[in-house]
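# Just a sequence and a predicted model for now, questions to come.
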Amino acid sequence: MQNSIYRYLPDMERFVEMIRALPEAEVTFKPTETAWSIHEIVVHLVDSEIVLQHRLKAVLSEERPTLIAFDQDAWAHRLNYASLDLEHHLQALLALRRAFAPVLETVTEDDQQRIGMHNEDGEITARMLIDKLCITHLEAHVKQVQRNRDAFAAQK
């Protein structure tokens, strides 16, 4: 778990710097009608960070809390992610992680075994949430960003 926590903030810092270096045309490009742009991916990451932090806080603090799923595509569409300020969301990603990192540093081996009940996926341990929050969720979206960048480059 130490590796997860160690990567939590630096991985996001690198991601934010990568996004800031991209031209606007690449950030707003959508490879297909239904695919998310890099801009929309960033906004999704903020919402997911908030949800995952909330879930982990609940699991660490409460006895078998209920964890509720959300429809990420509905959020992206209904909240019009593409219209939201990109830089504000990049700043929010860093602020959320900087604020939560001290909580992660206090998680013990016993804490990692605590369980929440996801309304769709069943039992989820704190350890599973930490892995998703610290590594796997961002990694999946970094790959998605790269696919978008490849598609953008291929259209030229």
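That came through, no problem.

# Strands of the chain, start to end?
Applying DSSP state E to the chain gives strands spanning 66-67, 115-118, 122-125.

# Can you list the strands that the second one pairs with?
What it means is strand 115-118. strand 66-67 (parallel), strand 122-125 (antiparallel) (DSSP bridges).

# show me where pLDDT drops low in the chain?
In the predicted model, the chain carries pLDDT under 70 at residues 1-3.

# what would the strands paired with strand 115-118 look like in a markdown table with mean neighbour count and distance to residue 81?
Yep, even glycine has a C-beta here, placed from its N, CA and C like the rest. Below are the strands paired with strand 115-118 laid out as a markdown table (neighbours: other Cβ atoms under 10 Å; distance: least, Cβ to Cβ, whole Å):
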| stretch | mean neighbour count | distance to residue 81 |
| --- | --- | --- |
| strand 66-67 | 16 | 23 |
| strand 122-125 | 14 | 26 |
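
# Output those strands in CSV; the columns should cover distance to residue 145.
Formatted as CSV, these follow (distance: least, Cβ to Cβ, whole Å):
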stretch, distance to residue 145
strand 66-67, 27
strand 122-125, 26
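
# Residue 6: which of the ones you listed is closest?
Nearest to residue 6, of all these, is strand 122-125, at 19.8 Å by Cβ to Cβ.

# do you know how far the residue nearest to residue 56 when sequence neighbours are not counted is from residue 121?
Using Cβ to Cβ, 6 or more residues apart in numbering and skipping the chain neighbours, the partner closest in space to residue 56 is residue 129 (4.5 Å). For residue 129, the distance to residue 121 (Cβ to Cβ, to the nearest Å) stands at 11 Å.

# anything in contact with each of the two?
Residues touching both residue 129 and residue 121 (Cβ atoms under 8 Å, 6 or more residues apart in numbering): there are none.

# So for these two, which residue has more residues nearby?
residue 129 (23 against 11; other Cβ atoms under 10 Å).

# residues contacting that one?
Residue 129 touches 52, 55-56, 59, 116, counting by Cβ under 8 Å, 6+ apart.

# now do 10 Å
Neighbouring residues of residue 129 by Cβ atoms under 10 Å, 6 or more residues apart in numbering: 52-53, 55-60, 67, 112, 114, 116, 118.

# Done for today, thanks.
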